[in-house]
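Asker: Predicted coordinates and the sequence they were generated for:
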Amino acid sequence: MHTKVYIALLYTVAGLLGAGASLAQPLQDSDATANQTLACFASLHTTPVSVQPCQLALQSAGTSSLERAQLHSALSMLLLQQDQLEAARLEMDAALAIGDLDDVIQANLGSLLIREEDYRGAVIAFNNALSTTTTTTAPTSARLHNAVIYLNRSLALRALGRYDDASKDYATYLALFGLAPAQAGQMGPSEPVGRLPPHGFAPYKEPST
């Protein structure tokens, strides 16, 4: 039976704005390209969902290769929220062709694979995201970034019937968010975590000085 899961509107950007930067305000010292890129990542937090900011950012010739890959990845997550699965896959493939080892892109790939019901592939993608160290996730947001990856991986593991492993990941997610000690409980087929949606990611953007 088809399991339909949705991308939630919670994303780990700048440690949930813990760095003090507001995504609602353009960075005064940034050029137009940087502002377009930031607007794309900020659109992951807005409703109704709009793909236009990411499409405009991708048109900027000055965008670096890795940043372009992250823009494709963000656009993939926005399209996924609109249930445009095929279009989301095309954008993700474009991202992977440029920056396949980026932790943010691997995390978003895992979310897409959950929707495609490729749970084994999703686990591999989340493993890659957790094992890859890049500069896209700032220290101020790394804990929350990893927490949500553990949550998403728990969903994929649960779908595979690996309930003990899923419970461990879910407990780690709770602990990293400060919600509960890192103690694994028993996660069976009826546990509420199975109804949680996977989360998408946007990279942290350092404020200009």
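Answerer: The structure has been received and is ready for your questions.
Asker: looking at the protein, which helix or strand is least sure?
Answerer: Here the helix or strand of the chain ranked lowest by mean pLDDT, DSSP states H and E is helix 14-17, holding a mean of 29.
Asker: So which other helices or strands are in contact with whatever helix or strand comes next after that one?
Answerer: Counting by DSSP states H and E, the next helix or strand C-terminal to helix 14-17 is helix 32-42. For helix 32-42, the elements it packs on are helix 52-58, helix 65-81, judged by 3 or more CB pairs under 8 Å, 6 or more residues apart in numbering; DSSP states H and E. C-beta coordinates here come from the backbone N, C-alpha and C atoms, glycine included.
Asker: Let me know which of those is tucked in deepest.
Answerer: Mean neighbours per residue, mean count of other CB atoms under 10 Å, is largest over those for helix 65-81, with a mean of 24.
Asker: what does the average pLDDT come to for it?
Answerer: Here helix 65-81 scores 90 as its mean pLDDT.
Asker: and the angle for it with helix 32-42?
Answerer: Calculated by axes from the mean of the first three to the mean of the last three CA atoms, to 10 degrees, helix 65-81 forms an angle of 30 degrees with helix 32-42.
Asker: And stretch 87-98, what's buried?
Answerer: Across stretch 87-98, burial judged by 16 or more other CB atoms under 10 Å covers 87-89, 91-92, 94-96, 98.
Asker: was I right about L160 contacting V123?
Answerer: Yes. Applying CB atoms under 8 Å, one finds L160 in contact with V123, separated by 7.2 Å.
Asker: got the phi/psi numbers for V51?
Answerer: Note on V51: its backbone torsions stand at phi -90, psi -10 [degrees, to the nearest 10].
Asker: Would you mind confirming that it is in contact with L78?
Answerer: Yes. Contact criterion CB under 8 Å: V51 and L78 qualify, at 4.9 Å.
Asker: Overlap in contacts, those two.
Answerer: Residues touching both V51 and L78 (CB atoms under 8 Å, 6 or more residues apart in numbering) are S43.
Asker: Who has more neighbours out of L160 and V123?
Answerer: V123 (24 against 14; other CB atoms under 10 Å).
Asker: Buried residues of the host helix or strand of that one, list them for me.
Answerer: Using DSSP H and E, V123 falls within helix 119-131. By neighbour count on 16+ other CB under 10 Å, the buried set for helix 119-131 is 119, 121-126, 128-130.
Asker: between the lengthiest helix in the chain and helix 119-131, how big is the angle?
Answerer: Longest helix in the chain, counting residues (DSSP state H): helix 139-159. Here helix 139-159 runs at an angle of 160 degrees relative to helix 119-131 (the same axes, to 10 degrees).
Asker: for G161, helix, strand, or coil?
Answerer: Assigned state for G161: coil (three-state reduction, DSSP: H, G, I helix; E, B strand; the rest coil).
Asker: Might you list the low-confidence residue ranges for this structure?
Answerer: For the chain, applying pLDDT under 70 flags the ranges 1-32, 61-64, 133-141, 180-209.
Asker: and if we set it to 50?
Answerer: Low-confidence segments of the chain (pLDDT under 50): 1-30, 134-138, 140, 183-184, 188-196, 204-209.
Asker: List the contacts of L78.
Answerer: Contacts of L78 (CB under 8 Å, 6+ apart): 43-44, 49-51, 54.
Asker: could you redo the last one with a cut-off of 7 Å?
Answerer: 43-44, 49, 51, 54 (CB atoms under 7 Å, 6 or more residues apart in numbering).
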